[in-house]
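Student: Sequence plus predicted model, see below.
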Amino acid sequence: MICEMCGKDVTFLRKVTIEGVLLEVCSECSKFGVESKKEAPKEQGPKPIIAQRLEVREKRGRPRDVLEKFEKEDIVEDFAQRIRVARERTGMSQKELAMKINERVTILSKIEAAQMRPDEKVIAKLQKELGIVLKERVPEVVAAKESVRASLTLADLIKMQKE
């Protein structure tokens, strides 16, 4: 092998960076530069089947939260009061807050009067602007019962009359 710097014929060459150029040089010429680090070969193409199976096994072995699929996030019951108190604490009027979150004053006043439930975008804007929490995790069973309560059936009325 021939040194790219001095031209000597040697048995062993080193990869050295000299003034930004990567050269293969002899041990004598290697003192003029910085020895480059060996790069690990990068994997090309799909992973071997063994690596894929190990990943699947690792996923299976991780502990899971069993209640995770039975819970969902829902707005807190006292959202109207929380919004009003936080707005008053910051010293803003409904009009100022509505302008900051880019919503209509009428919508904000209905939300504060609990006549209207805010949608996800408005909740996010209010939480960010007022620095409050308006959503909490509730069990899905409870959330389902609340949605049933919203629509009253004839059977519900009969049960209420009997009580």
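Tutor: Sure thing, it's come through.

Student: tell me the mean pLDDT for stretch 90-106?
Tutor: Averaged over stretch 90-106, pLDDT sits at 93.

Student: same thing with stretch 34-46?
Tutor: 67.

Student: now do stretch 1-21
Tutor: Mean pLDDT, taken over the full extent of stretch 1-21, equals 88.

Student: Check stretch 112-127 too.
Tutor: Rounded to a whole number, the mean pLDDT of stretch 112-127 is 92.

Student: which residues touch that stretch?
Tutor: Counting by CB atoms under 8 Å, 6 or more residues apart in numbering, stretch 112-127 makes contact with 75, 79-80, 83-84, 87, 94, 101-103, 107, 110-111, 132-135, all of which sit outside it. The C-beta positions use only the backbone N, C-alpha and C, and glycine is treated the same way.

Student: Can you go through those residues and name the buried ones?
Tutor: The neighbour-count criterion (16 or more other CB atoms under 10 Å) marks 75, 79-80, 83-84, 87, 94, 101, 103, 107, 111, 132, 134 among the contacts of stretch 112-127 as buried.

Student: JSON lines for the residues you listed, including distance to C6?
Tutor: Conversion of the buried ones among the contacts of stretch 112-127 to JSON lines gives the following (distance: CB to CB, whole Å):
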{"residue": "I75", "distance to C6": "77"}
{"residue": "F79", "distance to C6": "79"}
{"residue": "A80", "distance to C6": "84"}
{"residue": "I83", "distance to C6": "79"}
{"residue": "R84", "distance to C6": "83"}
{"residue": "R87", "distance to C6": "79"}
{"residue": "Q94", "distance to C6": "82"}
{"residue": "I101", "distance to C6": "72"}
{"residue": "E103", "distance to C6": "76"}
{"residue": "I107", "distance to C6": "80"}
{"residue": "I111", "distance to C6": "81"}
{"residue": "I132", "distance to C6": "73"}
{"residue": "L134", "distance to C6": "74"}
